[in-house]
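J.: sequence and predicted structure below; questions after.
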Amino acid sequence: MRRGQLGNASQLLRGLGLGDIPLTHEAFHELQPWRAASHLEELLMACGVLPAVDKHLCSFQRWLPGHLADIGDPEHSKTIGLFTTWHVLPGLRARAERSHITPSVRRFAGEQIKYATAFLQWLGGRNTALASCGQVDIDAWFAENAEHAGHAAPA
């Protein structure tokens, strides 16, 4: 990041000092540019100002809002948000508590979200709601999609 560019670390620090940016991980996950925000968040964790959190968990939580915002159908976005909240994030947090999240675990979590999103979009293209999705639809999804996509899709 170049000096004086909007969103650089000094401007983020100024925002924190003025109270415009809450001193929380959640606030940092919403900030742009994400690299400057991520770096500052890691520095604040290292100094003990913010509680330590696995950096790959932070990376996932920083990525998620943008992904949800890119989903065209509000119902699909809501469904993916709930799937993330109740299925994906608890697994990542449990893993982070036991040891640490590896880049491949972080990548797999993102792929689960992407494939679940693709599945909902695919259903929408067939004018089928998730609530009325049946085994025939699931079989068609697996038949039409690459083999690796089926393995990451939620069961």
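T.: Sure, I can see it.
J.: from here on, just use CA atoms for contacts and neighbour counts.
T.: Noted.
J.: the longest helix along the chain: how far from the chain's middle?
T.: Longest helix of the chain, by residue count under DSSP state H: helix 103-125. Put simply, helix 103-125 sits 11 Å off its chain's centre (Cα atoms, centre = their mean, to the nearest Å).
J.: repeat that for stretch 102-109.
T.: The mean C-alpha position of stretch 102-109 is separated from the chain mean by 11 Å, Cα atoms, centre = their mean.
J.: which residues touch that stretch?
T.: 56-57, 60, 88, 92, 152 (Cα atoms under 8 Å, 6 or more residues apart in numbering).
J.: return the residue of the protein that is most distant from the centre.
T.: Residue farthest from the centre of the chain, counting by Cα atoms, centre = their mean, is residue 136 at 29.7 Å.
J.: model confidence for that one, exactly?
T.: pLDDT, residue 136: 92.
J.: just checking, which of the contacts of stretch 102-109 belong to helices?
T.: Using DSSP H, the members of those that fall in helices are 56-57, 60, 92, 152.
J.: how about the nearest residue to residue 34 once chain neighbours are set aside, secondary structure?
T.: Closest residue in space to residue 34, ignoring its immediate chain neighbours: residue 62 at 7.6 Å, by Cα to Cα, 6 or more residues apart in numbering. Of the three states, residue 62 takes helix according to DSSP: H, G, I helix; E, B strand; the rest coil.
J.: surely residue 62 is in contact with residue 30?
T.: Yes. The pair residue 62 / residue 30 is scored as a contact, 6.5 Å apart, by Cα atoms under 8 Å.
J.: more neighbours, the two?
T.: Between residue 62 and residue 30, counted using other Cα atoms under 10 Å, the more crowded position is residue 62 (22 against 16).
J.: quick one: contacts for that one?
T.: Contacts for residue 62 (Cα under 8 Å, 6+ apart) come out as 28-30, 34.
J.: can you show me the helices along the protein?
T.: Under DSSP H, the chain gives helices at 9-18, 25-30, 34-46, 55-70, 74-83, 89-98, 103-125, 135-144, 147-152.
J.: which of those has the lowest mean pLDDT?
T.: helix 147-152 (a mean of 54).
J.: pull out the buried residues from the longest helix of the chain.
T.: 106, 109-121, 123 (16 or more other Cα atoms under 10 Å).
J.: again, but for stretch 43-52
T.: Residues of stretch 43-52 classed as buried: residue 45 (neighbour count, 16+ other Cα under 10 Å).
J.: distance between the ends of that stretch?
T.: 10 Å (Cα to Cα, to the nearest Å).
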